[in-house]
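K.L.:
Provide a 3D model corresponding to the input given below.
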Amino acid sequence: MRKRFLFVVFLLLPLVNQAQSHRLLFKTSYGTFKVMLYDFTPRHQKLILEAVAEKVYHQALFNRVIAGFVVQGGEHDDDIAKREQQLPENEHKRLTSEFDSRAYHKRGALGAGRDDNPTKASFLNQIYFVIGKPVTMEELNKYELKKGISYSLEQRQTYLSDGGLPRLDGDYTVFGEVYEGFEVLQLISNLKTDANDAPLTPVIFDIEEIP
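P.N.:
Residues are numbered from 1 along each chain as shown. You can find the predicted model right below:
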């Protein structure tokens, strides 16, 4: 019994050690899940908290769903492109990227979508959750060399045991993670979709801040 207790404590240590100030409840048409926002990505944390307060994500859609990859929601790439079509490039609003070595694309990571802008700045109202796929040691070694990343032992163990999307590390800002209810996202990720990866049955969600 004691060994089992110590094992559970060990598993929870990464979460406890990075206990953060703000948490969100996502309410979807398939169930609820909870998200912890990182204090070490303050600009993205502030952006989504303001969006929640202003009901930006009220009755929003998870409009891009790819099994083994991501569940994405909020403003769609096509809608953003259409809205910005008549605007000069310096009026395309983005949020400066925030890359932190503690934030990586493990399963359940919350990231900010973006286009191919050279500074890797984020869209203001588009988010995604990592569903991910199995990751090998060879892949992690390759991405470390390619991206100049140094994964910690804990990060390597997480990727190797749970999977994720390390190929996105250093390219898209991760600013939170799911800590309860990931199975809801897993369910959504396996829904049938059309040719544009949109679920055949709309997946609606709302967000609220919780203690």
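K.L.:
What's the separation between the residue nearest the centre of the chain and residue 210?
P.N.:
Central residue of the chain (CA atoms, centre = their mean): residue 110, 1.9 Å from the mean position. Distance, residue 110 to residue 210, by CB to CB, to the nearest Å: 15 Å. Using the backbone N, CA and C atoms, a C-beta is placed for each residue, glycine as well.
K.L.:
Just give the number of residues close to residue 89.
P.N.:
Residues near residue 89, counting by other CB atoms under 10 Å, number 7.
K.L.:
tell me which helix or strand of the chain sits lowest on mean pLDDT?
P.N.:
Lowest on mean pLDDT, DSSP states H and E among the helices and strands of the chain sits helix 2-17, with a mean of 40.
K.L.:
List the residue ranges of this protein that fall below the pLDDT cut-off.
P.N.:
Across the chain, residues meeting the criterion (pLDDT under 70) sit at 1-19.
K.L.:
Which stretches in it count as strands?
P.N.:
With strands called from DSSP state E, the chain shows them at 22-28, 31-37, 60-65, 70-74, 109-112, 126-130, 174-180, 204-210.
K.L.:
between these, which one is nearest to residue 96?
P.N.:
Evaluated with CB to CB, the strands of the chain place strand 109-112 nearest to residue 96, the distance being 10.8 Å.
K.L.:
just how off-centre is the closest one within its chain?
P.N.:
When C-alpha coordinates are averaged (CA atoms, centre = their mean, to the nearest Å), strand 109-112 and its chain have centres 2 Å apart.
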